[in-house]
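> Just a sequence and a predicted model for now, questions to come.
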Amino acid sequence: MIQIREAQPEDAGIILECIKGLAVHVDQVEMVTATVQDIRNTIFAPDTHVTVFVAENEDKKVCGFTLVFKSFSTFKGVTNYHIEDLFVFPEYRKLGIGAMLMKHLKTYAKSKGAKVIDWYVNNRNHSAMDFYDRIGAKKLDYKSIYYFDV
């Protein structure tokens, strides 16, 4: 049985392992520079804007995670949530854990008054795009992502 719970500071190491696992999955390992201490200092800081949920099996082994933060819709005038990452370790895929994490996020965001949860998908991550299509997520085709390195 899978349980979804909010991550705690002692989960920093497994959160980093999830991040690295996602980087391997999308062939971007070289982009990961975070350390366990970085995770502790940012995700679990008193003023954090980030929430992490982990999926645990009956043996208390973390099978996957998702990381969200608040965003804002000027058109709707409400706070929403943005998923930065969602990852399930390969050995736990096809068990419905990703769908459970998404369902949990929807319940969480709704309880906080959000109207929308959005996320980006790496164009290399075809399995993720297929998954999001299967669970009924809508795709925006009218936006492009731009950014600055600072």
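Cool, got the structure.

> Tell me how far the residue of the chain most remote from its centre lies from Y81.
The outermost residue of the chain, judged against the average C-alpha position, is F75 (24.1 Å), by C-alpha atoms, centre = their mean. F75 sits 16 Å away from Y81, going by C-beta to C-beta, to the nearest Å. C-beta here means a position set from N, CA and C on the backbone, and glycine is covered the same way.

> What of K139?
Using C-beta to C-beta, one gets 18 Å for the distance from K139 to Y81.

> and these two? which has more neighbours close in?
Y81 (21 against 8; other C-beta atoms under 10 Å).

> Can you get me a residue count around the nearest residue to N125 once chain neighbours are set aside?
Excluding its sequence neighbours, the residue lying closest to N125 (C-beta to C-beta, 6 or more residues apart in numbering) is V26, at 5.2 Å. Neighbour count for V26, taken as other C-beta under 10 Å: 16.

> V26 contacts R124, correct?
Yes. Between V26 and R124 there is a contact under C-beta atoms under 8 Å: 5.1 Å.

> so F65 sits in a helix?
No. Read with DSSP: H, G, I helix; E, B strand; the rest coil, F65 is strand and lies in no helix.

> can you pull the contacts of it?
F65 makes contact with A7, I14, I15, C18, V52, F53, V54, A55, D85, L86, F87, L101 under the criterion C-beta atoms under 8 Å, 6 or more residues apart in numbering.
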